[in-house]
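**Q** let me see the structure of the following:
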Amino acid sequence: MRSFSNRIVYVGLIGLAVGCAVGSDANAQRDDKTSSDRDDSIVLAAGDDSGLVTSRVFLSTDRLPAGQTVPFAVVLDIDRGWHINANPASPAFLVPTAIAIKSKLGTKLADMKYPKGEPIRVAGIDEPLMTYDGKVILFGKLKIPADAAGKKETIAVGVRYQACDDQECRRPETKSLNGTISVARPGEKVRPINDKLFRPQAARERQSN
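**A** Okay, here's the model as predicted:
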């Protein structure tokens, strides 16, 4: 059974965004490939890896489709021996892991799916804590405004979490990375990328409908 400190801790926010330089290089490399040919995942944003939780953001398309929604994913790698709280958090006094979006042109978070947490038992708390550890993938959808077509969108994806180990919860960390990505012009083709990451999730969504 784990021991745990019930003190209130401040929860940090990791800011992530899509880097335009990365996007430009990736677009050049993808021009002569089909969707099925693409192998390695293309990371569109990555948080500082010096903390307990490393965050990466992936888009399912090489640019944003104006007036539509686009799937994206946040991949969290949590250091061994540490965990973060699931969403919804249980017990209720814990702070859930959560995703937030800020943007220049009005791109919004249209949907976010949080996986079920794994229960752990700690001393002094009657009910199990629902947590994430190891690698966790959070899938969501972005809604891009129609009037953003042909422009550059600046996006920050925030990951809010509470990191704890067997003894206590760490003090908060706030890290941010902002960037810019192109929004497709009217009639411009938007190409799928990162199929290995998004195809299984799309299949699960079709089965659940």
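
**Q** what about the residue nearest the centre of the chain, which SS state?
**A** Geometric centre of the chain, nearest residue: Val74, 2.0 Å, by Cα atoms, centre = their mean. When classified by DSSP: H, G, I helix; E, B strand; the rest coil, Val74 comes out as strand.

**Q** which parts of the protein are helices?
**A** Secondary structure of the chain (DSSP state H): helices at 20-30, 195-208.

**Q** report all helices and strands that the longest one contacts.
**A** Contacting helix 195-208 under the criterion 3 or more Cβ pairs under 8 Å, 6 or more residues apart in numbering; DSSP states H and E are the following elements: strand 69-78. For every residue, glycine as well, the C-beta is placed using N, CA and C.

**Q** report the angle between the strand it packs on and helix 195-208.
**A** Angle of strand 69-78 versus helix 195-208, following axes from the mean of the first three to the mean of the last three Cα atoms, to 10 degrees, is 110 degrees.

**Q** residues contacting strand 69-78, please?
**A** Identification of contacts with strand 69-78 by Cβ atoms under 8 Å, 6 or more residues apart in numbering yields 16, 52-61, 64, 84, 97, 99, 110-111, 132-144, 157, 159, 161, 163, 190, 194, 197-198, 201-202.

**Q** just the buried ones from those, in ChimeraX syntax?
**A** Buried members of the contacts of strand 69-78, defined by 16 or more other Cβ atoms under 10 Å, are picked up in ChimeraX with:
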select :16,52,53,54,55,56,57,58,59,60,61,64,84,97,99,132,133,136,137,138,139,140,141,142,143,144,157,159,161,163,190,194,197,198
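
**Q** the strands in the chain, which residues?
**A** Ranges of strands in the chain, per DSSP state E, are 12-16, 45-46, 53-59, 69-78, 83-85, 98-103, 108-113, 118-120, 129-132, 135-143, 152-161, 163-164, 179-182.

**Q** switch these over to a markdown table; also include distance to Pro91.
**A** Listed next are the strands of the chain as a markdown table, based on distance: least, Cβ to Cβ, whole Å:
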| stretch | distance to Pro91 |
| --- | --- |
| strand 12-16 | 20 |
| strand 45-46 | 32 |
| strand 53-59 | 21 |
| strand 69-78 | 20 |
| strand 83-85 | 10 |
| strand 98-103 | 17 |
| strand 108-113 | 22 |
| strand 118-120 | 11 |
| strand 129-132 | 7 |
| strand 135-143 | 20 |
| strand 152-161 | 16 |
| strand 163-164 | 13 |
| strand 179-182 | 37 |
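
**Q** how about TSV for the ones you listed, with mean pLDDT added?
**A** What follows is the strands of the chain, written out as TSV (pLDDT from 0 to 100):
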stretch	mean pLDDT
strand 12-16	32
strand 45-46	76
strand 53-59	91
strand 69-78	94
strand 83-85	95
strand 98-103	93
strand 108-113	96
strand 118-120	96
strand 129-132	96
strand 135-143	97
strand 152-161	91
strand 163-164	90
strand 179-182	84
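
**Q** out of those strands, nearest to Ser208?
**A** Ser208 sits nearest to strand 108-113 of all these, at 10.4 Å, using Cβ to Cβ.

**Q** mind checking how far that closest one is from the chain centre?
**A** The chain centroid and the centroid of strand 108-113 are separated by 11 Å, computed with Cα atoms, centre = their mean, to the nearest Å.
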